[in-house]
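Student: Build me a model:
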Amino acid sequence: MNVPLHNKITIDTYMTPLDHPEFAGHEQIVFATDNETGLKAIIAVHNTNRGPGLGGCRMWNYASANEALTDVLRLSKGMTYKNALADLALGGGKSVIIANPRTDKTPELLKAFGRHINRLAGSYITAEDVGISSDDMEIIGSVTDFARGTEATGFGDPSPYTALGTFVGIKAAAKHKFGSDDLNGLTVSLKGLGHVGYDVARQLHEAGATLIVSDIYDPAVTRAVEELGATSVSPDEAHLVKADIFAPCALGGGLNADTIPHLKVAIVAGAANNQLETPEDGAALMERGILYAPDYAINAGGVISVALGEPGISDSVVRQKTIAIGDTLTQIFERAATEKRPTNLIADELAEERFQHQHYSA
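Tutor: As a prediction, this is how the structure comes out:
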């Protein structure tokens with residue numbers, strides 16, 4: 001069955017969300033449209049045992065509606081685990097807007113999205129993600145109280161905190177794998193130079209690392225080459241180059257049965273969500289002797305800033321909790337080494353211990 005949806009967006013194979021392989025017991029899935037603005041979005045709330053489902057809004061030109069649904073379900077579940085592992089009183093949710101963020105975005109479309117969030121009555125709280133800037137979040141926040149990462153609700157753009165936590169996590173991984181968190185002289189292949197990726201690259205450069213960078217947006221690559229002395233490769237080559245560390249900072253699913261055999265690194269540690277295509281890919285990395293920093297553990301800085309960003313909370317408190325990501329990862333690495341099990345499974349178990357038996361009431 002082939003149902004037209006939005007320009008080139010089509011539903012390739014019809015299924016209900018309940019039948020979807022990534023359904024994973026989601027509490028709520030909402031398909032949101034607005035004919036006047038062209039909005040087509042999906043909002044997914046995975047689990048609210050610890051509190052309202054918090055997770056960013058991603059705007060992306062998905063090839064199909066099924067691709068968008070798969071992404072939002074995986075991302076939403078990941079936020080449940082991320083918020084629990086960061087010990088935040090929040091559940092997990094996520095949203096995606098099916099559109100090109102460079103050509104289709106308008107204030108009216110963003111406001112229509114915000115009005116749909118209001119209809120969920122607080123079960124979902126949105127924030128910035130790929131394709132959505134802090135300025136966009138201000139527009140969304142002008143029509144809903146359930147938007148975070150705005151100037152009115154905290155520290156604004158959460159990406160610097162995501163980048164800080166990722167950098168700290170890379171240092172923790174280096175300490176566990178190499179015996180030192182000194183990054184001077186190490187080579188890092190970094191894929192994705194958005195707000196977070198570029199800031200991670202900057203911190204790595206300042207720490208003395210040699211950078212190999214890639215991105216689908218050529219001006220970002222040119223900037224990294226000129227400002228950070230990086231070497232550039234195509235995004236398809238990022239996982240193929242020889243380096244000490246591979247840092248995925250773009251979209252997820254890049255670590256899979258096709259790519260893992262070709263990795264020439266000792267560590268995978270980056271800011272991208274859902275880096276593993278399947279849980280079994282974590283075992284494949286372990287079998288190759290590659291240390292994997294579970295994505296939702298290392299990239300939790302942004303959600304920490306969003307969750308704690310309330311009047312009266314200082315930046316130092318948020319930075320301190322973000323820097324503690326390094327300690328959380330060290331705990332995961334050490335337990336995984338002791339038990340000889342993949343780091344992604346250890347992280348899942350730690351998170352599940354925190355959210356499966358808690359129940360939040362508004």
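Student: can you list the domain ranges for this protein.
Tutor: The chain breaks down by automatic domain parsing into domains covering 3-150, 159-351.
Student: Would you single out the least confident of these?
Tutor: Across the domains of the chain, domain 3-150 has the smallest mean pLDDT, namely a mean of 90.
Student: Pipe the domains of the chain into CSV and attach mean neighbour count per row.
Tutor: All C-beta spots, glycine's among them, are computed from the backbone N, C-alpha and C. Formatted as CSV, the domains of the chain follow (neighbours: other Cβ atoms under 10 Å):
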stretch, mean neighbour count
domain 3-150, 20
domain 159-351, 20
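Student: tell me the contacts of the closest residue to D244 other than its chain neighbours?
Tutor: Spatial nearest neighbour of D244, excluding adjacent residues (Cβ to Cβ, 6 or more residues apart in numbering): L186 at 4.3 Å. Contact analysis of L186 by Cβ atoms under 8 Å, 6 or more residues apart in numbering lists A174, G208, A209, T210, D244, I245.
Student: Pairing partners for the fourth one in the sheet, please.
Tutor: Read it as T210. On the basis of DSSP bridges, T210 is bridged to T187.
Student: which residues touch it?
Tutor: G185, L186, T187, V188, T231.
Student: Relative to T16, which of these is nearest.
Tutor: Closest approach between the contacts of T210 and T16, by Cβ to Cβ: V188, at 42.4 Å.
Student: how much space between the closest one and A247?
Tutor: Distance, V188 to A247, using Cβ to Cβ, to the nearest Å: 6 Å.
Student: shared neighbours, the two?
Tutor: Residues touching both V188 and A247 (Cβ under 8 Å, 6+ apart): I170, L204.
Student: which SS class is V143?
Tutor: coil (DSSP: H, G, I helix; E, B strand; the rest coil).
Student: make that A24, sorry
Tutor: A24 is classified as coil under three-state DSSP.
Student: isn't it right up against K77?
Tutor: Yes - the criterion here is Cβ atoms under 8 Å, and A24 meets it with K77 at 5.0 Å.
Student: Now do the shared contacts for those two.
Tutor: Residues touching both A24 and K77 by Cβ under 8 Å, 6+ apart: H46.
Student: Can you name the helix or strand that the most centrally placed residue in the chain falls in?
Tutor: The geometric centre of the chain, computed from its C-alpha atoms, lies nearest to N273 (Cα atoms, centre = their mean), at 3.3 Å. Per DSSP states H and E, N273 falls between elements, in no helix or strand.
Student: Name the nearest residue to it, sequence neighbours excluded.
Tutor: G252 (5.0 Å).
Student: who's in contact with that neighbour?
Tutor: Contacts of G252 by Cβ under 8 Å, 6+ apart are D71, R74, L75, A272, N273, N274, Q275, D295.
Student: now do 7 Å
Tutor: By Cβ atoms under 7 Å, 6 or more residues apart in numbering, the contact list for G252 reads A272, N273, N274, Q275.
Student: As a markdown table, the residues you listed with distance to D34 would be great.
Tutor: Formatted as a markdown table, those follow (distance: Cβ to Cβ, whole Å):
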| residue | distance to D34 |
| --- | --- |
| A272 | 29 |
| N273 | 26 |
| N274 | 27 |
| Q275 | 32 |
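Student: what ranges do the strands span in the stretch 201-350 of the chain?
Tutor: Using DSSP state E, counting those that start in this stretch, the strands of the stretch 201-350 of the chain run over residues 210-214, 231-232, 245-248, 267-268, 291-292.
Student: same question, the stretch 51-200 of the chain
Tutor: Using DSSP E, counting those that start in this stretch, strands in the stretch 51-200 of the chain cover 53-54, 57-60, 91-98, 124-125, 187-191.
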